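S.K.: Build the 3D model from these lines:
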Amino acid sequence: MTHRSMGLTIERARVFDHRSTAVVESTVHCRDGMIVAIGDDPPADAATGEHQLLDAGGRLVTAGLIDAHFHANGVGLDLLEIEAAPSSYVASAARQRLERALRRGFTTVRDVAGGDLGLTRAIDEGLIDGPRYLFAGRALSQTGGHGDPRPGHLDVCCGGKGHLCEVVDGVDDLRRAVRERLRTGSHVIKVFASGGVVSPTDPLRLSQYSPDELRAVCEEAGRRESYVAAHAYSPAAIAHAVTNGVRTIEHGNLLDDPTAALMAEHGAFLVPTLIAYQAMAERGELLGLAEVSRIKNQEVLAAGVGSIEIARRHGVRIGLGTDLMGDLETEQLREFELRSAVESARDLLVAATVTNAAIIGRPELGVVDAATPADLVIFDDDPLETRDALWKSGRTVVRAGVVVA
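M.R.: Just a heads-up that it's a prediction; the model follows:
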(Lines give C-alpha, C1' and ligand atoms only; values in the text may rest on other atoms or scores of the structure.)
Protein backbone atom coordinates (compact mmCIF):
# COMPACT_ATOMS: atom_id res chain seq x y z
CA MET A 1 0.00 0.00 0.00
CA THR A 2 1.16 3.57 -0.60
CA HIS A 3 1.91 5.35 2.65
CA ARG A 4 1.90 9.14 2.82
CA SER A 5 4.46 10.96 4.95
CA MET A 6 2.28 11.76 7.91
CA GLY A 7 1.89 11.45 11.64
CA LEU A 8 -0.61 9.61 13.83
CA THR A 9 -1.12 10.03 17.55
CA ILE A 10 -3.22 7.49 19.45
CA GLU A 11 -4.31 8.89 22.80
CA ARG A 12 -5.64 6.97 25.82
CA ALA A 13 -4.31 3.68 24.48
CA ARG A 14 -4.04 0.71 26.83
CA VAL A 15 -0.89 -0.82 25.37
CA PHE A 16 -0.49 -4.61 25.48
CA ASP A 17 3.04 -5.63 26.48
CA HIS A 18 3.90 -9.33 26.61
CA ARG A 19 6.69 -8.56 29.09
CA SER A 20 4.29 -7.40 31.80
CA THR A 21 0.95 -8.53 33.17
CA ALA A 22 0.00 -4.88 33.71
CA VAL A 23 -1.63 -2.92 30.88
CA VAL A 24 -0.71 0.76 31.09
CA GLU A 25 -2.63 3.60 29.45
CA SER A 26 -0.36 5.79 27.35
CA THR A 27 -0.07 7.73 24.11
CA VAL A 28 1.43 6.18 20.97
CA HIS A 29 3.14 8.62 18.59
CA CYS A 30 3.71 7.50 14.98
CA ARG A 31 5.36 9.14 12.00
CA ASP A 32 6.23 7.90 8.52
CA GLY A 33 5.07 4.39 9.27
CA MET A 34 7.01 3.95 12.51
CA ILE A 35 6.27 4.33 16.22
CA VAL A 36 8.53 7.19 17.29
CA ALA A 37 7.58 7.49 20.97
CA ILE A 38 5.28 6.10 23.63
CA GLY A 39 4.27 8.40 26.46
CA ASP A 40 2.74 11.78 27.17
CA ASP A 41 5.57 13.80 25.65
CA PRO A 42 5.21 14.06 21.85
CA PRO A 43 8.30 13.98 19.61
CA ALA A 44 9.73 17.31 18.55
CA ASP A 45 8.28 17.19 15.02
CA ALA A 46 4.80 16.05 16.06
CA ALA A 47 3.17 19.26 14.85
CA THR A 48 4.82 19.27 11.42
CA GLY A 49 3.17 17.95 8.26
CA GLU A 50 -0.11 16.09 8.01
CA HIS A 51 -1.17 14.64 11.33
CA GLN A 52 -4.09 12.54 12.57
CA LEU A 53 -5.28 12.30 16.15
CA LEU A 54 -7.07 9.13 17.23
CA ASP A 55 -8.64 8.72 20.66
CA ALA A 56 -8.50 5.07 21.70
CA GLY A 57 -10.78 5.82 24.64
CA GLY A 58 -9.03 3.36 26.95
CA ARG A 59 -9.25 0.50 24.46
CA LEU A 60 -6.59 -2.21 24.22
CA VAL A 61 -3.90 -1.62 21.58
CA THR A 62 -1.74 -4.51 20.42
CA ALA A 63 0.85 -5.03 17.73
CA GLY A 64 -0.68 -6.01 14.41
CA LEU A 65 -1.65 -9.67 14.22
CA ILE A 66 0.43 -12.08 12.13
CA ASP A 67 -0.99 -15.12 10.32
CA ALA A 68 1.95 -17.50 9.93
CA HIS A 69 0.09 -19.95 7.67
CA PHE A 70 -1.82 -18.11 4.97
CA HIS A 71 -2.54 -18.91 1.32
CA ALA A 72 -3.26 -15.92 -0.90
CA ASN A 73 -3.56 -18.23 -3.91
CA GLY A 74 -5.66 -20.85 -2.09
CA VAL A 75 -8.79 -19.98 -4.05
CA GLY A 76 -10.62 -23.31 -3.62
CA LEU A 77 -10.59 -26.73 -1.97
CA ASP A 78 -9.64 -28.75 -5.06
CA LEU A 79 -5.86 -28.63 -5.52
CA LEU A 80 -5.98 -29.76 -9.13
CA GLU A 81 -8.46 -27.02 -10.03
CA ILE A 82 -6.35 -24.38 -8.29
CA GLU A 83 -3.18 -25.45 -10.06
CA ALA A 84 -4.91 -25.35 -13.46
CA ALA A 85 -6.70 -22.03 -12.90
CA PRO A 86 -5.78 -18.97 -15.02
CA SER A 87 -3.16 -16.81 -13.34
CA SER A 88 -5.25 -13.68 -13.84
CA TYR A 89 -8.13 -15.20 -11.90
CA VAL A 90 -5.90 -16.43 -9.07
CA ALA A 91 -4.21 -13.03 -8.77
CA SER A 92 -7.58 -11.23 -8.59
CA ALA A 93 -8.83 -13.58 -5.87
CA ALA A 94 -5.53 -13.29 -4.00
CA ARG A 95 -5.92 -9.53 -3.87
CA GLN A 96 -9.30 -9.81 -2.17
CA ARG A 97 -8.07 -12.45 0.27
CA LEU A 98 -5.16 -10.25 1.32
CA GLU A 99 -7.26 -7.12 1.71
CA ARG A 100 -9.84 -8.91 3.86
CA ALA A 101 -7.10 -10.38 6.06
CA LEU A 102 -5.74 -6.89 6.72
CA ARG A 103 -9.15 -5.63 7.77
CA ARG A 104 -9.44 -8.44 10.30
CA GLY A 105 -6.26 -7.13 11.93
CA PHE A 106 -3.61 -9.31 10.27
CA THR A 107 -1.03 -6.72 9.30
CA THR A 108 1.50 -9.40 8.27
CA VAL A 109 0.95 -12.79 6.65
CA ARG A 110 3.38 -15.60 5.85
CA ASP A 111 2.23 -17.41 2.71
CA VAL A 112 3.60 -20.94 2.91
CA ALA A 113 2.47 -22.25 -0.49
CA GLY A 114 2.48 -19.82 -3.38
CA GLY A 115 3.03 -16.13 -3.87
CA ASP A 116 5.76 -14.21 -5.62
CA LEU A 117 7.37 -10.80 -5.89
CA GLY A 118 4.44 -9.59 -8.01
CA LEU A 119 2.09 -9.65 -5.02
CA THR A 120 4.72 -8.02 -2.82
CA ARG A 121 5.26 -5.27 -5.39
CA ALA A 122 1.53 -4.71 -5.81
CA ILE A 123 1.17 -4.23 -2.04
CA ASP A 124 4.20 -1.96 -1.82
CA GLU A 125 2.91 0.22 -4.68
CA GLY A 126 -0.62 0.47 -3.28
CA LEU A 127 -2.30 -1.67 -5.95
CA ILE A 128 -3.34 -4.01 -3.15
CA ASP A 129 -4.32 -2.58 0.24
CA GLY A 130 -2.90 -5.59 2.01
CA PRO A 131 -0.69 -6.76 4.86
CA ARG A 132 3.07 -7.16 4.84
CA TYR A 133 3.55 -10.20 2.66
CA LEU A 134 6.22 -12.88 3.16
CA PHE A 135 5.96 -15.73 0.68
CA ALA A 136 7.44 -19.17 0.16
CA GLY A 137 6.79 -19.54 -3.54
CA ARG A 138 5.51 -22.93 -4.62
CA ALA A 139 5.78 -25.52 -1.85
CA LEU A 140 7.97 -28.56 -2.57
CA SER A 141 6.34 -31.98 -2.81
CA GLN A 142 7.64 -35.40 -3.71
CA THR A 143 5.90 -37.33 -6.46
CA GLY A 144 2.67 -38.66 -5.01
CA GLY A 145 3.00 -36.39 -1.99
CA HIS A 146 0.63 -33.86 -0.51
CA GLY A 147 1.46 -31.26 -3.15
CA ASP A 148 0.84 -33.64 -6.07
CA PRO A 149 -2.89 -33.26 -6.84
CA ARG A 150 -3.08 -35.82 -9.65
CA PRO A 151 -5.59 -38.61 -8.95
CA GLY A 152 -3.96 -42.02 -9.12
CA HIS A 153 -6.37 -43.34 -11.74
CA LEU A 154 -5.80 -40.46 -14.19
CA ASP A 155 -2.81 -39.49 -16.29
CA VAL A 156 -3.16 -35.71 -16.27
CA CYS A 157 -0.68 -33.02 -17.13
CA CYS A 158 0.13 -29.81 -15.28
CA GLY A 159 -0.19 -31.47 -11.87
CA GLY A 160 2.29 -30.35 -9.25
CA LYS A 161 3.60 -27.15 -10.88
CA GLY A 162 1.02 -24.43 -10.60
CA HIS A 163 0.06 -21.71 -8.16
CA LEU A 164 0.68 -23.53 -4.87
CA CYS A 165 3.01 -26.50 -5.29
CA GLU A 166 5.77 -28.02 -7.40
CA VAL A 167 6.72 -31.69 -7.54
CA VAL A 168 10.49 -31.99 -7.16
CA ASP A 169 12.37 -35.23 -6.42
CA GLY A 170 16.04 -35.88 -5.71
CA VAL A 171 18.75 -33.98 -3.88
CA ASP A 172 20.19 -32.10 -6.86
CA ASP A 173 16.83 -30.95 -8.21
CA LEU A 174 15.74 -29.89 -4.73
CA ARG A 175 18.88 -27.83 -4.26
CA ARG A 176 18.22 -26.05 -7.54
CA ALA A 177 14.57 -25.48 -6.60
CA VAL A 178 15.51 -23.93 -3.25
CA ARG A 179 18.13 -21.70 -4.85
CA GLU A 180 15.63 -20.52 -7.43
CA ARG A 181 13.06 -19.64 -4.78
CA LEU A 182 15.58 -17.69 -2.74
CA ARG A 183 16.82 -15.95 -5.89
CA THR A 184 13.29 -14.75 -6.61
CA GLY A 185 12.52 -13.42 -3.15
CA SER A 186 11.08 -16.29 -1.11
CA HIS A 187 11.19 -15.64 2.62
CA VAL A 188 10.85 -19.30 3.64
CA ILE A 189 11.04 -22.70 1.94
CA LYS A 190 8.00 -24.94 2.39
CA VAL A 191 8.11 -28.74 2.12
CA PHE A 192 5.45 -31.38 2.53
CA ALA A 193 6.84 -33.92 5.00
CA SER A 194 3.68 -35.99 5.41
CA GLY A 195 0.36 -36.68 3.74
CA GLY A 196 -2.51 -34.24 4.00
CA VAL A 197 -6.25 -33.84 4.15
CA VAL A 198 -7.18 -32.45 0.74
CA SER A 199 -4.69 -34.44 -1.36
CA PRO A 200 -6.30 -37.49 -2.98
CA THR A 201 -3.64 -40.22 -3.00
CA ASP A 202 -1.20 -39.85 -0.09
CA PRO A 203 -1.79 -41.49 3.31
CA LEU A 204 -2.06 -38.96 6.10
CA ARG A 205 0.58 -40.29 8.48
CA LEU A 206 3.43 -41.38 6.21
CA SER A 207 6.66 -39.38 6.15
CA GLN A 208 7.58 -37.81 2.82
CA TYR A 209 10.97 -37.01 1.31
CA SER A 210 14.10 -38.95 2.29
CA PRO A 211 16.48 -37.71 5.00
CA ASP A 212 19.01 -36.74 2.33
CA GLU A 213 16.40 -34.72 0.46
CA LEU A 214 15.18 -32.87 3.54
CA ARG A 215 18.73 -32.13 4.70
CA ALA A 216 19.60 -30.72 1.28
CA VAL A 217 16.62 -28.36 1.39
CA CYS A 218 17.46 -27.19 4.92
CA GLU A 219 21.16 -26.74 4.12
CA GLU A 220 20.43 -24.60 1.08
CA ALA A 221 17.93 -22.47 2.99
CA GLY A 222 20.31 -22.03 5.90
CA ARG A 223 23.11 -20.92 3.61
CA ARG A 224 20.96 -17.96 2.60
CA GLU A 225 19.90 -17.25 6.22
CA SER A 226 16.42 -18.56 5.47
CA TYR A 227 14.65 -21.56 6.99
CA VAL A 228 12.27 -24.40 6.20
CA ALA A 229 8.64 -24.91 7.20
CA ALA A 230 7.26 -28.44 6.95
CA HIS A 231 3.68 -29.62 6.66
CA ALA A 232 3.59 -32.63 9.02
CA TYR A 233 0.95 -34.40 11.09
CA SER A 234 2.22 -37.66 12.60
CA PRO A 235 4.94 -38.04 15.24
CA ALA A 236 7.11 -39.91 12.75
CA ALA A 237 6.79 -37.18 10.12
CA ILE A 238 7.40 -34.41 12.65
CA ALA A 239 10.50 -36.13 14.05
CA HIS A 240 11.74 -36.82 10.51
CA ALA A 241 11.42 -33.11 9.67
CA VAL A 242 12.90 -31.68 12.85
CA THR A 243 15.91 -33.99 13.03
CA ASN A 244 16.82 -33.09 9.45
CA GLY A 245 16.80 -29.34 10.02
CA VAL A 246 13.21 -28.06 9.67
CA ARG A 247 12.47 -24.98 11.81
CA THR A 248 8.66 -24.79 11.88
CA ILE A 249 6.15 -27.61 11.94
CA GLU A 250 2.89 -26.65 10.28
CA HIS A 251 -0.28 -28.27 11.69
CA GLY A 252 1.26 -31.03 13.88
CA ASN A 253 -2.15 -32.29 14.97
CA LEU A 254 -1.05 -35.83 15.86
CA LEU A 255 1.89 -34.69 18.02
CA ASP A 256 2.78 -36.88 21.01
CA ASP A 257 4.87 -36.25 24.14
CA PRO A 258 8.20 -37.74 22.98
CA THR A 259 8.02 -35.84 19.70
CA ALA A 260 7.12 -32.59 21.45
CA ALA A 261 10.20 -33.04 23.65
CA LEU A 262 12.25 -33.56 20.48
CA MET A 263 10.85 -30.35 18.97
CA ALA A 264 11.78 -28.41 22.10
CA GLU A 265 15.28 -29.90 22.05
CA HIS A 266 15.80 -28.72 18.47
CA GLY A 267 14.22 -25.30 19.04
CA ALA A 268 11.46 -25.96 16.50
CA PHE A 269 8.22 -23.97 16.45
CA LEU A 270 4.69 -25.36 16.10
CA VAL A 271 2.18 -23.48 13.92
CA PRO A 272 -1.28 -24.99 14.56
CA THR A 273 -4.12 -24.31 12.12
CA LEU A 274 -7.15 -25.72 13.94
CA ILE A 275 -9.74 -23.60 12.16
CA ALA A 276 -8.91 -25.22 8.81
CA TYR A 277 -10.21 -28.58 10.04
CA GLN A 278 -13.19 -27.15 11.91
CA ALA A 279 -14.26 -25.17 8.85
CA MET A 280 -13.87 -28.19 6.56
CA ALA A 281 -15.95 -30.29 8.97
CA GLU A 282 -18.71 -27.68 9.00
CA ARG A 283 -18.71 -26.61 5.35
CA GLY A 284 -16.48 -28.98 3.38
CA GLU A 285 -19.17 -31.28 2.02
CA LEU A 286 -21.26 -28.33 0.83
CA LEU A 287 -18.18 -26.90 -0.92
CA GLY A 288 -17.36 -30.17 -2.66
CA LEU A 289 -14.65 -31.62 -0.43
CA ALA A 290 -14.09 -35.26 -1.40
CA GLU A 291 -15.22 -38.01 0.96
CA VAL A 292 -11.68 -39.35 1.41
CA SER A 293 -10.60 -35.88 2.54
CA ARG A 294 -13.54 -35.54 4.93
CA ILE A 295 -12.54 -38.82 6.58
CA LYS A 296 -8.92 -37.70 7.03
CA ASN A 297 -10.13 -34.34 8.29
CA GLN A 298 -12.07 -35.92 11.14
CA GLU A 299 -8.92 -37.62 12.41
CA VAL A 300 -6.80 -34.48 12.59
CA LEU A 301 -9.70 -32.35 13.87
CA ALA A 302 -10.21 -34.66 16.84
CA ALA A 303 -6.55 -34.44 17.85
CA GLY A 304 -5.87 -30.77 17.20
CA VAL A 305 -6.55 -29.15 20.58
CA GLY A 306 -4.65 -31.92 22.36
CA SER A 307 -1.54 -31.23 20.28
CA ILE A 308 -1.40 -27.69 21.66
CA GLU A 309 -1.64 -28.92 25.25
CA ILE A 310 1.18 -31.40 24.57
CA ALA A 311 3.38 -28.76 22.95
CA ARG A 312 2.89 -26.34 25.85
CA ARG A 313 3.70 -29.07 28.36
CA HIS A 314 7.12 -29.52 26.77
CA GLY A 315 7.92 -25.85 26.23
CA VAL A 316 7.53 -25.82 22.45
CA ARG A 317 7.01 -22.28 21.17
CA ILE A 318 3.60 -22.06 19.51
CA GLY A 319 2.68 -19.60 16.78
CA LEU A 320 -0.66 -19.10 15.03
CA GLY A 321 -1.86 -19.84 11.51
CA THR A 322 -5.12 -20.52 9.71
CA ASP A 323 -4.53 -22.40 6.40
CA LEU A 324 -8.00 -21.56 5.08
CA MET A 325 -8.71 -22.35 1.43
CA GLY A 326 -11.41 -20.98 -0.84
CA ASP A 327 -14.56 -19.67 0.78
CA LEU A 328 -13.42 -20.94 4.19
CA GLU A 329 -11.19 -17.86 4.42
CA THR A 330 -14.02 -15.99 6.15
CA GLU A 331 -13.36 -18.08 9.29
CA GLN A 332 -9.85 -16.65 9.86
CA LEU A 333 -10.52 -15.08 13.27
CA ARG A 334 -12.07 -18.28 14.61
CA GLU A 335 -8.61 -19.77 15.09
CA PHE A 336 -8.63 -17.77 18.32
CA GLU A 337 -11.99 -19.26 19.30
CA LEU A 338 -10.89 -22.87 18.90
CA ARG A 339 -7.65 -22.40 20.75
CA SER A 340 -9.31 -20.53 23.59
CA ALA A 341 -10.41 -23.94 24.91
CA VAL A 342 -6.86 -24.52 26.16
CA GLU A 343 -5.14 -21.09 25.99
CA SER A 344 -5.78 -17.72 27.58
CA ALA A 345 -6.38 -14.54 25.59
CA ARG A 346 -2.91 -13.42 26.61
CA ASP A 347 -1.40 -16.67 25.29
CA LEU A 348 -3.21 -16.18 22.00
CA LEU A 349 -2.14 -12.56 21.59
CA VAL A 350 1.46 -13.56 22.25
CA ALA A 351 1.21 -16.38 19.70
CA ALA A 352 -0.19 -14.06 17.01
CA THR A 353 2.32 -11.28 17.66
CA VAL A 354 5.54 -12.01 19.54
CA THR A 355 5.93 -15.70 18.69
CA ASN A 356 4.95 -15.34 15.05
CA ALA A 357 7.33 -12.39 14.76
CA ALA A 358 10.11 -14.63 16.11
CA ILE A 359 9.18 -17.32 13.59
CA ILE A 360 9.56 -14.96 10.65
CA GLY A 361 12.68 -13.35 12.08
CA ARG A 362 11.06 -9.92 12.39
CA PRO A 363 10.80 -9.35 16.17
CA GLU A 364 10.03 -5.66 15.66
CA LEU A 365 6.65 -6.59 14.16
CA GLY A 366 5.41 -8.28 17.34
CA VAL A 367 5.65 -5.44 19.86
CA VAL A 368 4.42 -1.91 20.47
CA ASP A 369 7.69 -0.08 21.12
CA ALA A 370 9.46 3.02 19.93
CA ALA A 371 11.43 2.46 16.69
CA THR A 372 9.16 -0.37 15.53
CA PRO A 373 6.70 -0.37 12.60
CA ALA A 374 3.35 1.25 13.38
CA ASP A 375 1.27 -1.87 12.72
CA LEU A 376 -1.46 -1.89 15.37
CA VAL A 377 -4.87 -3.25 16.30
CA ILE A 378 -7.24 -1.32 18.57
CA PHE A 379 -9.95 -3.64 19.88
CA ASP A 380 -13.43 -2.26 20.51
CA ASP A 381 -13.82 -4.72 23.40
CA ASP A 382 -10.94 -5.88 25.59
CA PRO A 383 -10.03 -9.55 24.90
CA LEU A 384 -8.11 -9.68 28.19
CA GLU A 385 -11.44 -9.17 29.95
CA THR A 386 -13.78 -10.86 27.46
CA ARG A 387 -11.90 -13.54 25.55
CA ASP A 388 -14.30 -13.78 22.64
CA ALA A 389 -13.45 -10.19 21.70
CA LEU A 390 -10.47 -11.73 19.87
CA TRP A 391 -12.81 -13.17 17.24
CA LYS A 392 -16.03 -11.20 17.71
CA SER A 393 -15.04 -7.63 18.54
CA GLY A 394 -14.84 -4.82 16.05
CA ARG A 395 -11.41 -3.28 15.68
CA THR A 396 -9.46 -0.42 14.20
CA VAL A 397 -6.45 -1.51 12.16
CA VAL A 398 -3.36 0.59 11.57
CA ARG A 399 -0.83 -0.52 8.94
CA ALA A 400 2.46 1.43 8.79
CA GLY A 401 0.91 4.38 10.61
CA VAL A 402 -2.19 4.62 8.38
CA VAL A 403 -5.68 3.73 9.62
CA VAL A 404 -7.03 1.17 7.15
CA ALA A 405 -10.10 -0.23 8.90
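S.K.: The stretch 101-250 of the chain: helices as residue ranges?
M.R.: Under the criterion DSSP state H, counting those that start in this stretch, the stretch 101-250 of the chain contains helices at 117-124, 171-183, 211-223, 235-243.
S.K.: In terms of secondary structure, what does the second one contact?
M.R.: So the one you mean is helix 171-183. Packing partners of helix 171-183 (3 or more C-beta pairs under 8 Å, 6 or more residues apart in numbering; DSSP states H and E): strand 139-141, strand 189-192, helix 211-223. For the C-beta atoms, the positions are set from N, CA and C on the backbone; glycine is no exception.
S.K.: Identify the residues contacting the closest residue to Gly114 other than its chain neighbours.
M.R.: Nearest residue to Gly114 in three dimensions, chain neighbours excluded: Asn73, at 3.7 Å (C-beta to C-beta, 6 or more residues apart in numbering). Going by C-beta atoms under 8 Å, 6 or more residues apart in numbering, Asn73 touches Ile82, Val90, Ala93, Ala94, Asp111, Ala113, Gly114, Gly115, His163, Leu164.
S.K.: In CSV: the helices of the stretch 101-250 of the chain, plus mean neighbour count and distance to Thr396.
M.R.: Output for those, formatted as CSV (neighbours: other C-beta atoms under 10 Å; distance: least, C-beta to C-beta, whole Å):
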stretch, mean neighbour count, distance to Thr396
helix 117-124, 17, 20
helix 171-183, 17, 36
helix 211-223, 19, 37
helix 235-243, 23, 39
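S.K.: possible to save these as JSON lines with distance to Arg334 and mean pLDDT?
M.R.: Listed next are the helices of the stretch 101-250 of the chain as JSON lines, based on distance: least, C-beta to C-beta, whole Å; pLDDT from 0 to 100:
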{"stretch": "helix 117-124", "distance to Arg334": "25", "mean pLDDT": "96"}
{"stretch": "helix 171-183", "distance to Arg334": "31", "mean pLDDT": "98"}
{"stretch": "helix 211-223", "distance to Arg334": "32", "mean pLDDT": "98"}
{"stretch": "helix 235-243", "distance to Arg334": "25", "mean pLDDT": "98"}
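S.K.: Go through these and name the closest to Leu349.
M.R.: helix 117-124 (24.6 Å; C-beta to C-beta).
S.K.: Check which helices and strands the closest one sits against.
M.R.: With contacts defined as 3+ C-beta pairs under 8 Å, 6+ apart, helix 117-124 has these neighbours: helix 87-103, strand 132-135.
S.K.: Retrieve the pLDDT associated with Thr2.
M.R.: At Thr2, the model reports a pLDDT of 45.
S.K.: of the helices and strands packed on helix 171-183, which approaches Leu301 most closely?
M.R.: strand 189-192 (19.5 Å).
S.K.: picking up where we left off before, any idea which of the helices and strands packed on helix 171-183 gets closest to Gly57?
M.R.: strand 189-192 (41.5 Å).
S.K.: Identify the residues contacting the closest one?
M.R.: 112-113, 136, 139-142, 145-147, 165, 178, 181-182, 208-209, 214, 217, 220-221, 226-231, 241, 246, 250.
S.K.: Tell me which residues touch Arg215, please.
M.R.: So Arg215 contacts Asn244, Gly245 (C-beta under 8 Å, 6+ apart).
S.K.: now it: how far from Arg183?
M.R.: Using C-beta to C-beta, to the nearest Å, Arg215 is found at 21 Å from Arg183.
S.K.: Then Ile378?
M.R.: 39 Å.
S.K.: can you check Ala22 too?
M.R.: Per C-beta to C-beta, Ala22 is found 47 Å from Arg183.
S.K.: With Ile35 instead?
M.R.: Using C-beta to C-beta, Ile35 is found at 33 Å from Arg183.
S.K.: Would you verify that Ala302 is located in a helix?
M.R.: Yes: per DSSP: H, G, I helix; E, B strand; the rest coil, Ala302 lies within a helix segment.
S.K.: What's the local residue count around it?
M.R.: Close neighbours of Ala302, defined as other C-beta atoms under 10 Å, add up to 13.
S.K.: pretty sure Ser234 is touching Gly252, no?
M.R.: No: taking C-beta atoms under 8 Å as the definition, Ser234 is not a contact partner of Gly252, at 9.3 Å.
S.K.: Of those two, which one has the most company?
M.R.: Per other C-beta under 10 Å, whichever of Ser234 and Gly252 has more neighbours is Gly252, with 35 against 23.
S.K.: Surely that one and Pro272 touch.
M.R.: Yes: Gly252 is within contact range of Pro272, at 6.6 Å (criterion: C-beta under 8 Å).
S.K.: so what sits against both of those two?
M.R.: In contact with both Gly252 and Pro272: Ser307, using C-beta under 8 Å, 6+ apart.
S.K.: In TSV, list the helices and strands packed on helix 117-124 along with mean pLDDT and distance to Ala122.
M.R.: As requested, those are exported to TSV (pLDDT from 0 to 100; distance: least, C-beta to C-beta, whole Å):
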stretch	mean pLDDT	distance to Ala122
helix 87-103	97	7
strand 132-135	98	9
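S.K.: Please identify the deepest-packed of those.
M.R.: Greatest average neighbour count among these goes to strand 132-135 (a mean of 24), per mean count of other C-beta atoms under 10 Å.
S.K.: List the contacts of that strand.
M.R.: 72, 98, 107-111, 114-116, 119-120, 123, 185-188, 360, 365, 375.
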